[in-house]
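Participant: my questions are about this predicted structure, shown below with the sequence.
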Amino acid sequence: MTTETPSLTAPHFIGIGGAGMSGLAKILALRGAKVSGSDAKESTTVVALRQLGAEVHVGHAAEHLPAAADSVVVSSAIREDNPELVAARERGLPVVHRADALAALMEGRRALAVAGTHGKTTTTSMLAVSLTALGLDPSFAIGGDLNEPGSNAHHGSGEIFVAEADESDRSFQKYSPEVAIVLNVELDHHANYASMDEIYESFEKFVARVVPGGTLVVSADHPGARELTSRVRGRDGLTVVTVGEAEDADVRILSVVPRGMTSEVTVALPGTGELSFTVNVPGRHYAHNAVSALAAGIALGVDAAALAQALGSYQGVRRRLQLKGEVRGVQVIDSYAHHPTEIAADLRAIREAAGEGRVLVVFQPHLFSRTRELGTEMGEALALADLAVVLDIYPAREDPEPGITSEIVIEAARAAGADVQAAHSLAAVPDLLAGISRPGDLVLTMGAGDVTLLGPEILARLA
């Protein structure tokens with residue numbers, strides 16, 4: 001794949017409907033590029049791209065690669081035998097990784113890159129929404145939609161570019177941000193990382209890409225983030241700002257007070273004093289994300305009080321504790337959480353919001369490799385729910401592994417004292433949940449796969 005600044009005048013995107021790829025395609029289309037692409041299926045995202053002038057085919061075939069294409073953009077999920085990729089190589093076209101394309105889009109802007117094992121999409125979205133509310137019109141590229149399909153990216157007239165920086169395939173090492181956020185550092189993406197040492201090395205390389213005179217905003221509470229801070233603090237030209245509840249945090253979170261599906265957050269800023277603002281999503285972890293966003297904006301020169309107030313305009317991201325609806329006193333909420341830390345954090349947040357109601361979760365493990373390495377911890381986290389229904393593993397890009405099934409999660413959940421049962425098809429779940437739900441309950445569909453489709457079905461059965 002090319003490492004030089006790629007030509008993106010007529011780019012062809014393989015897998016254009018994906019969250020990251022569609023955002024880049026949208027920005028390029030808005031900049032006047034002749035965008036084409038293909039995706040495995042029709043979607044609202046594909047329709048939105050066509051409305052911007054992109055030529056998008058459903059299915060993958062060599063003839064879908066236009067004669068006028070000057071480059072082909074791929075993500076790490078695209079296999080070498082993809083017919084469009086094979087055709088591109090035969091024609092000698094530059095093959096550009098998604099991260100190289102994003103890096104090219106950020107050139108000439110004041111880049112802010114958000115990294116971490118969890119919370120990237122939410123924090124990037126908080127920054128995009130709040131900076132937009134302040135009239136700064138930032139460009140942004142996010143791994144999820146803010147409110148509706150197509151809202152994952154924007155070509156703004158302002159000088160700031162906010163981007164979600166993906167560590168899963170080390171591609172975040174290609175960016176050169178003025179401000180970098182590291183929310184947390186944990187072992188995940190087991191197909192690409194064999195140890196925490198490899199994870200730390202990868203994050204160190206990301207931090208080393210911060211431009212001279214730039215800033216690293218990093219968690220003061222998370223053990224992995226603190227270890228990273230100890231490794232990079234003192235580098236020439238790098239200002240480190242730590243954020244969290246720890247006593248030694250530079251931006252210290254003094255309190256997070258839950259108020260139903262919102263939180264009231266109070267922070268102490270160096271040289272400024274205390275500042276309080278509202279976060280319109282429940283959970284301490286989302287409050288921490290908001291404070292990291294606040295610290296990053298301040299590092300870019302945005303007024304602290306104005307940014308704190310603007311953060312209150314953030315209303316959430318699709319699939320990040322997104323309320324799908326309420327019928328007969330039962331709320332159905334959708335969560336993208338798929339790592340044990342995320343699962344536990346979202347369940348604690350929902351527990352606070354549920355009050356006297358029960359928390360019923362439908363969980364779909366994501367990837368065989370992740371379930372092999374973290375299935376036990378997933379099950380233990382599910383013990384925070386009053387009832388857990390566990391679906392079969394969503395394979396995504398992976399092939400099955402002998403002996404790796406959702407039973408690993410179920411057994412661990414039972415061992416942790418959870419009330420848990422298996423469901424081997426999505427179709428069986430709506431009737432099951434509708435039959436046991438009662439007013440005041442919160443039903444949570446959770447996972448990174450197609451479990452998200454169940455929310456409307458459960459609501460329909462409750463009606």
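Facilitator: Alright, I've got the coordinates.
Participant: can you pull out the helices in the protein?
Facilitator: Counting by DSSP state H, residue ranges of the helices within the chain are 19-30, 44-51, 83-91, 98-106, 120-133, 196-208, 223-232, 284-299, 304-311, 340-354, 368-382, 407-415, 429-436, 454-462.
Participant: export these to a markdown table and tack on mean pLDDT and distance to Phe277?
Facilitator: (Each C-beta comes from the backbone N, C-alpha and C, glycine too.) Putting the helices of the chain into a markdown table (pLDDT from 0 to 100; distance: least, CB to CB, whole Å) gives the following:
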| stretch | mean pLDDT | distance to Phe277 |
| --- | --- | --- |
| helix 19-30 | 92 | 27 |
| helix 44-51 | 91 | 32 |
| helix 83-91 | 97 | 46 |
| helix 98-106 | 94 | 28 |
| helix 120-133 | 91 | 10 |
| helix 196-208 | 94 | 28 |
| helix 223-232 | 96 | 23 |
| helix 284-299 | 95 | 8 |
| helix 304-311 | 95 | 4 |
| helix 340-354 | 88 | 18 |
| helix 368-382 | 95 | 29 |
| helix 407-415 | 97 | 37 |
| helix 429-436 | 94 | 35 |
| helix 454-462 | 94 | 29 |
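Participant: mean neighbour count and distance to Asp250 added to those helices, as JSON lines?
Facilitator: Formatted as JSON lines, those follow (neighbours: other CB atoms under 10 Å; distance: least, CB to CB, whole Å):
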{"stretch": "helix 19-30", "mean neighbour count": "24", "distance to Asp250": "31"}
{"stretch": "helix 44-51", "mean neighbour count": "18", "distance to Asp250": "39"}
{"stretch": "helix 83-91", "mean neighbour count": "16", "distance to Asp250": "46"}
{"stretch": "helix 98-106", "mean neighbour count": "23", "distance to Asp250": "26"}
{"stretch": "helix 120-133", "mean neighbour count": "26", "distance to Asp250": "17"}
{"stretch": "helix 196-208", "mean neighbour count": "17", "distance to Asp250": "16"}
{"stretch": "helix 223-232", "mean neighbour count": "17", "distance to Asp250": "11"}
{"stretch": "helix 284-299", "mean neighbour count": "26", "distance to Asp250": "8"}
{"stretch": "helix 304-311", "mean neighbour count": "20", "distance to Asp250": "13"}
{"stretch": "helix 340-354", "mean neighbour count": "22", "distance to Asp250": "23"}
{"stretch": "helix 368-382", "mean neighbour count": "23", "distance to Asp250": "30"}
{"stretch": "helix 407-415", "mean neighbour count": "20", "distance to Asp250": "38"}
{"stretch": "helix 429-436", "mean neighbour count": "17", "distance to Asp250": "45"}
{"stretch": "helix 454-462", "mean neighbour count": "19", "distance to Asp250": "40"}
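Participant: so can I have CSV of these showing distance to Pro270?
Facilitator: Formatted as CSV, the entries for these read as follows, by distance: least, CB to CB, whole Å:
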stretch, distance to Pro270
helix 19-30, 34
helix 44-51, 42
helix 83-91, 50
helix 98-106, 28
helix 120-133, 20
helix 196-208, 21
helix 223-232, 16
helix 284-299, 10
helix 304-311, 10
helix 340-354, 27
helix 368-382, 35
helix 407-415, 43
helix 429-436, 48
helix 454-462, 42
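Participant: closest to Glu326 out of these?
Facilitator: Ranking these by distance to Glu326, with CB to CB as the measure, places helix 454-462 first at 8.0 Å.
Participant: what's that closest one packed up against?
Facilitator: Applying 3 or more CB pairs under 8 Å, 6 or more residues apart in numbering; DSSP states H and E, we find helix 454-462 packed against strand 320-327, strand 330-335, helix 429-436, strand 442-446.
Participant: okay, the ones you listed, which one's buried deepest?
Facilitator: Stretch with highest mean neighbour count among the helices and strands packed on helix 454-462: strand 442-446 (a mean of 27; mean count of other CB atoms under 10 Å).
Participant: distance from the chain centre to that strand, please.
Facilitator: The chain centroid and the centroid of strand 442-446 are separated by 18 Å under CA atoms, centre = their mean, to the nearest Å.
Participant: same deal with stretch 114-130?
Facilitator: Averaged C-alpha coordinates place stretch 114-130 at 7 Å from its chain's average position (CA atoms, centre = their mean).
Participant: and for stretch 431-447?
Facilitator: The chain centroid and the centroid of stretch 431-447 are separated by 25 Å, computed with CA atoms, centre = their mean.
Participant: what is the end-to-end distance of it?
Facilitator: The separation between the terminal residues of stretch 431-447, taken as CA to CA, to the nearest Å, is 19 Å.
Participant: can you check stretch 26-41 too?
Facilitator: Using CA to CA, the gap from the first to the last residue of stretch 26-41 comes to 18 Å.
Participant: hmm, back to that, between the helices of the chain, which gets nearest to Arg328?
Facilitator: Arg328 lies closest to helix 454-462 among these, at 5.5 Å (CB to CB).
Participant: just the CA coordinates for the closest one, please, in CSV.
Facilitator: Coordinates of each C-alpha in helix 454-462 appear next as CSV, following Å, rounded to 0.1, in the frame of the first residue of the first chain:
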residue,chain,number,x,y,z
LEU,A,454,-33.5,-6.4,18.0
GLY,A,455,-34.5,-3.1,19.6
PRO,A,456,-37.4,-2.2,17.3
GLU,A,457,-38.6,-5.9,17.3
ILE,A,458,-38.7,-6.0,21.1
LEU,A,459,-40.6,-2.7,21.1
ALA,A,460,-43.1,-4.1,18.6
ARG,A,461,-43.7,-7.2,20.7
LEU,A,462,-44.3,-5.0,23.8
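Participant: okay, now Gly329: neighbour count?
Facilitator: Using other CB atoms under 10 Å, Gly329 is surrounded by 12 other residues.
Participant: how about it, nearest residue that isn't a chain neighbour?
Facilitator: Using CB to CB, 6 or more residues apart in numbering and skipping residues adjacent in sequence, the residue nearest Gly329 is Pro439, 2.9 Å away.
Participant: Ser335 too?
Facilitator: Ser335's closest residue in space is Met446 (CB to CB, 6+ apart), at 4.4 Å.
Participant: pretty sure that neighbour sits against His366.
Facilitator: No. Judged on CB atoms under 8 Å, Met446 makes no contact with His366 at a distance of 9.9 Å.
Participant: what do the two both touch?
Facilitator: Listed as contacting both Met446 and His366 by CB atoms under 8 Å, 6 or more residues apart in numbering are His338.
Participant: which residue packs closest to Gly440, ignoring adjacent ones?
Facilitator: For Gly440, ignoring the flanking residues on the chain, the nearest one in space by CB to CB, 6+ apart is Gly357 at 3.5 Å.
Participant: list the contacts for that neighbour?
Facilitator: With contact taken as CB under 8 Å, 6+ apart, Gly357 is in contact with 439-442.
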